[in-house]
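*Asks:* Output the structure for:
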Amino acid sequence: MIKSPQLSIALVQTALYWKDKVANLAMLEEKLWQIENGVDLIILPEMFPTGFSMDAEELAEPMNLDVCKWMRQMALQKKATIAGSAIIQLDGKFYNRLLWVSPDGMIQHYDKRHLFRMAQEDQTFTAGDRLPIFELNGWKICPQVCYDLRFPVWSRNRMVNGEIGYDLIFYIASWPAARVSAWDALLPARAIENLAYSIGVNRIGEDGNGIPYNGHSAAYDYKGTQLRFLEEREQISLVTLDSKSLESFREKFPAWMDADGFVIR
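*Replies:* Residues are numbered from 1 along each chain as shown. Next up is the predicted model:
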């Protein structure tokens with residue numbers, strides 16, 4: 001597919017109701033209706049239906065139940081792809097699963113690879129072992145979840161059939177305020193080292209464990225230049241990415257051609 005000249009993205013930075021799917025979906029539905037038509041992609045925070053909780057047995061649901069149905073409905077009504085993660089149960093295992101839902105109802109997913117052991121996420125959830133690249137209007141897009149941001153090898157933009165792997169990498173997160181300086185530093189770093197746009201969508205507010213989050217959702221171009229920065233308040237911000245400038249920079253500065261090859265085991 002030919003890449004569209006531009007890609008319009010909505011970053012949804014919000015507080016979340018603690019372990020209350022009904023309240024979160026109702027609140028987010030209201031917010032999504034505020035987004036103007038013509039947006040290609042809407043990005044929600046990590047575990048948007050519940051907040052970042054380890055109570056997986058209580059909160060998990062199988063695929064194609066309430067959360068998936070809600071995302072399908074919103075994607076269809078907004079005529080936009082919607083991305084965000086939820087607690088999904090499959091074959092007796094729990095996943096922090098990023099769901100990528102298209103207006104036609106198709107659902108793709110990415111299971112969080114790096115589980116945050118400091119919150120015992122690794123004892124509750126099963127890590128993903130596959131990194132898909134989604135496609136939207138000809139753009140190749142790499143999905144990541146929160147703690148993945150600290151591990152650049154997993155997200156490295158590699159050559160695929162003689163072409164660079166992706167054009168945009170995005171992170172959905174529940175990244176605490178106490179460590180937001182790392183978030184602020186690593187998002188542009190991922191853009192620079194991968195010669196790709198980088199976007200992070202984080203939540204705000206305080207969760208049921210008393211942990212505060214202060215947002216700092218942001219978008220960066222392939223040179224690490226900040227395109228959007230959301231401070232500590234609820235807001236939806238739109239950013240438009242330009243494919244011509246991306247391709248032009250890659251031609252003038254083809255550092256990706258000198259990247260080291262490797263295999264992830």
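*Asks:* what's downstream of the lowest-mean-pLDDT helix or strand in the chain, the next helix or strand?
*Replies:* Lowest on mean pLDDT, DSSP states H and E among the helices and strands of the chain sits strand 159-160, with a mean of 81. Once the chain leaves strand 159-160, the next helix or strand it forms, by DSSP states H and E, is strand 163-164.
*Asks:* Centre of the chain to that following strand, how far?
*Replies:* 21 Å (Cα atoms, centre = their mean, to the nearest Å).
*Asks:* Could you please name the strands that strand pairs with and the direction of each pair?
*Replies:* According to DSSP bridges, strand 163-164 has the following sheet partners: strand 159-160 (antiparallel).
*Asks:* starting at the chain centroid, how far to the partner strand?
*Replies:* Counting by Cα atoms, centre = their mean, strand 159-160 comes out at 22 Å from the chain centroid.
*Asks:* try stretch 182-201
*Replies:* On Cα atoms, centre = their mean, the centre of stretch 182-201 falls 12 Å from the chain's centre.
*Asks:* May I see the buried residues of it?
*Replies:* Using 16 or more other Cβ atoms under 10 Å as the test for burial, stretch 182-201 gives 183, 186-188, 190-201. C-beta: built from backbone N, CA, C; applies to glycine.
*Asks:* Dump that stretch to CSV, keeping only the CA atoms.
*Replies:* Backbone C-alpha positions of stretch 182-201 (Å, rounded to 0.1, in the frame of the first residue of the first chain) are rendered in CSV as follows:
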residue,chain,number,x,y,z
ALA,A,182,13.3,8.6,32.3
TRP,A,183,10.1,8.8,30.2
ASP,A,184,11.0,12.3,29.0
ALA,A,185,14.5,11.2,28.0
LEU,A,186,13.8,7.8,26.4
LEU,A,187,10.9,8.8,24.1
PRO,A,188,13.0,11.1,22.0
ALA,A,189,16.0,8.7,22.2
ARG,A,190,13.8,5.9,20.6
ALA,A,191,12.9,8.4,17.8
ILE,A,192,16.6,9.3,17.1
GLU,A,193,18.1,5.9,17.2
ASN,A,194,15.3,4.4,15.0
LEU,A,195,14.9,7.3,12.5
ALA,A,196,11.2,7.1,13.2
TYR,A,197,8.4,9.2,14.8
SER,A,198,8.0,8.3,18.5
ILE,A,199,4.8,8.9,20.5
GLY,A,200,4.1,8.1,24.2
VAL,A,201,0.6,8.3,25.8
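*Asks:* so where's the stretch 151-265 of the chain shaky on pLDDT?
*Replies:* Along the stretch 151-265 of the chain, no part satisfies pLDDT under 70.
*Asks:* Let me see the ranges of the strands in it.
*Replies:* 159-160, 163-164, 168-173, 197-202, 204-206, 212-214, 218-220, 226-229, 235-242 (DSSP state E, counting those that start in this stretch).
*Asks:* got CSV for these, with distance to Ile88 too?
*Replies:* As requested, those are exported to CSV (distance: least, Cβ to Cβ, whole Å):
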stretch, distance to Ile88
strand 159-160, 27
strand 163-164, 31
strand 168-173, 14
strand 197-202, 19
strand 204-206, 23
strand 212-214, 22
strand 218-220, 27
strand 226-229, 29
strand 235-242, 25
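*Asks:* can you tell which of those strands is closest to Met63?
*Replies:* Met63 lies closest to strand 168-173 among these, at 18.0 Å (Cβ to Cβ).
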